[in-house]
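J.: Got a predicted structure here, sequence first:
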Amino acid sequence: MNPKSVLIQDSKRGGSAAPPGTGAFRMPPAHLEGPTMLLLLLAVTLAHSSWATALTTEMPTTMTEGALVTIPPPPLEVTVEFLQGNPVILAGCALSIKCSVLNRESLSFSWYYKSQTSNVTRKIGSNYLFTKFNITVEDSGQYTCMVTDGYRKGDSSVEVTVLERLLSLWVVPSPKSGVVFEGHGLLTLTCFAKSAPPNTSWIWYRMEEGKASRTAVGFQQVLTLSRAAESGDYKCHANSNRMGKQIQYSLSRSVYIISLPVGLPVGIAALVLALLCLLLLFAFPLLAVFFWRKQRKPENAALKHLSNVSSAKGPGVEMQGGSQPIDDDVYMNYDSSSSAYTDLNKDGMTDNAYDCLS
């Protein structure tokens, strides 16, 4: 039985019947007296007592004149506790939060996460236990557990802040070769970290050659070197005091700053000039031969063509006196049928019109 409300009328208003299905009780009319009145009051009292007991176990109520007002049920008492991690935790750790309600069964759980940066809320679980491994800085925010038993609800929240962890140092020189000439530029070493919390302290150490000792030479993330005496092996050291002592070291990096003797730049310039002159000395004859061959190429082609034409021997002609031309003579073959160009017998020359080809 779960009535929503009960209307109680004053006895002075008479004993009209209660609307059916409302579960309300009306006081008896005032004209009833004697044993009948007593019996009726006793029955009403007993019935109302049992009904009110059942009602209060389901829903709290309060009495006002002429009405029974419904009071909303109190929320469930929900508690959350950390099984792994803390409200402030380092990145890379595991976070585990348990949600519980005392003396209740058949509960429904829901976990919600609200980001610290975007204020966006999203559902992240539906169990009484929420666990996340390898937590990151982006997981910082409010974690809320909501519980319901189908009738009442309750929730509890906890704020979690994830801090960056100091991880993995390495050194990068500039220039990348790690070699410069003294007086012709600076050499810088930069210490990088995969992740580093704010206010991280940096220390540069120079390793002593042939010794296990080291010397602190800088206290910034970037170290600048300029003298030849500063050549050597360097290591970067970083530490942070957030969430305990965090310390990281880089591998050593060798750098070299080369000292130039006085007057050496002038000597280098002279050497470069001498090499340039030597190169031109060898290049000029090669260029001359190249251009000469380029100019001779058409002439060689014409000579080759003429050689091909002159190498073809004609049939020869019979000369006067029965003599024959020798094999070394050169003949000209001509396709024209004109006798002026086909009769080339030198014995028949007149007026120097023909000549011998040799």
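T.: Thanks, I have it.

J.: so where do the helices sit in the protein?
T.: Secondary structure of the chain by DSSP state H: the helices cover 34-58, 264-310, 339-342.

J.: what bits of the stretch 251-358 of the chain have low per-residue confidence?
T.: 262-267, 296-358 (pLDDT under 70).

J.: For residue 142, list the residues it contacts.
T.: The neighbours of residue 142, taking C-beta atoms under 8 Å, 6 or more residues apart in numbering as the test, are 113-114, 116, 157-160. Any C-beta I mention is one placed from the backbone N, CA and C, and that applies to glycine too.

J.: Is residue 92 in contact with residue 134, as I believe?
T.: Yes. Counting by C-beta atoms under 8 Å, residue 134 is a contact partner of residue 92 at 5.9 Å.

J.: more crowded one of the two?
T.: Neighbours per residue, other C-beta atoms under 10 Å: of residue 92 and residue 134, the larger number sits with residue 92, 14 against 10.

J.: ok, and the closest non-adjacent residue to that one?
T.: Once flanking residues are discounted, residue 92 sits nearest to residue 165: 5.3 Å by C-beta to C-beta, 6 or more residues apart in numbering.

J.: do the same with residue 181
T.: Residue 181's closest residue in space is residue 258 (C-beta to C-beta, 6+ apart), at 5.2 Å.

J.: Against residue 227, how distant is the one you found?
T.: Distance of residue 258 to residue 227, given as C-beta to C-beta, to the nearest Å: 11 Å.

J.: Same check on residue 146?
T.: For residue 146 relative to residue 227 (C-beta to C-beta), the value is 66 Å.

J.: Mind checking which of the two has more residues around it?
T.: The residue with more neighbours, out of residue 146 and residue 227, is residue 146; 18 against 11, by other C-beta under 10 Å.

J.: what's near enough to touch that one?
T.: Contacts of residue 146 (C-beta under 8 Å, 6+ apart): 78, 109-112, 153-155.

J.: related to what we said a few turns ago, mutual contacts of residue 258 and residue 227, please.
T.: Joint contacts of residue 258 and residue 227 (C-beta under 8 Å, 6+ apart) are residue 182.

J.: among the contacts of residue 142, who's most crowded?
T.: residue 160 leads the contacts of residue 142 on contacts (other C-beta under 10 Å) with 21 neighbours.

J.: is it in a bridge, and if so with what?
T.: Bridge pairing for residue 160 (DSSP bridges) gives the partners residue 141.

J.: so it touches residue 137, yeah?
T.: No. In this structure, residue 160 is not within contact of residue 137 by C-beta under 8 Å, at 11.1 Å.

J.: What is the neighbour count of the residue nearest to residue 92?
T.: For residue 165, the neighbour count with other C-beta under 10 Å is 22.

J.: tell me the phi and psi of it?
T.: Residue 165 has phi and psi values of phi -100, psi 140 when expressed as degrees, to the nearest 10.

J.: Also residue 76?
T.: phi -70, psi 140.

J.: Next one: it from residue 110, what distance?
T.: Taken as C-beta to C-beta, the span from residue 76 to residue 110 is 13 Å.

J.: cool, residue 272 as well?
T.: From residue 272 to residue 110 the distance is 78 Å (C-beta to C-beta).

J.: between the two, who's got more neighbours?
T.: Between residue 272 and residue 110, counting by other C-beta under 10 Å, residue 110 is the more crowded of the two (16 against 10).

J.: Is that one in contact with residue 125, as I believe?
T.: Yes. If you go by C-beta under 8 Å, residue 110 and residue 125 touch, sitting 7.4 Å apart.

J.: count of neighbours near residue 293?
T.: Using other C-beta under 10 Å, residue 293 has 10 neighbouring residues.

J.: To clarify, my last question referred to residue 273.
T.: Using other C-beta under 10 Å, residue 273 is surrounded by 10 other residues.

J.: so residue 172 makes contact with residue 187?
T.: No. Using C-beta under 8 Å, residue 172 is not in contact with residue 187; the gap is 11.7 Å.

J.: Those two: which is more packed in?
T.: Neighbours were counted for residue 172 and for residue 187 using other C-beta under 10 Å; residue 187 has more, 22 against 14.

J.: That one and residue 208: what is the separation?
T.: To residue 208, residue 187 is 19 Å away according to C-beta to C-beta.
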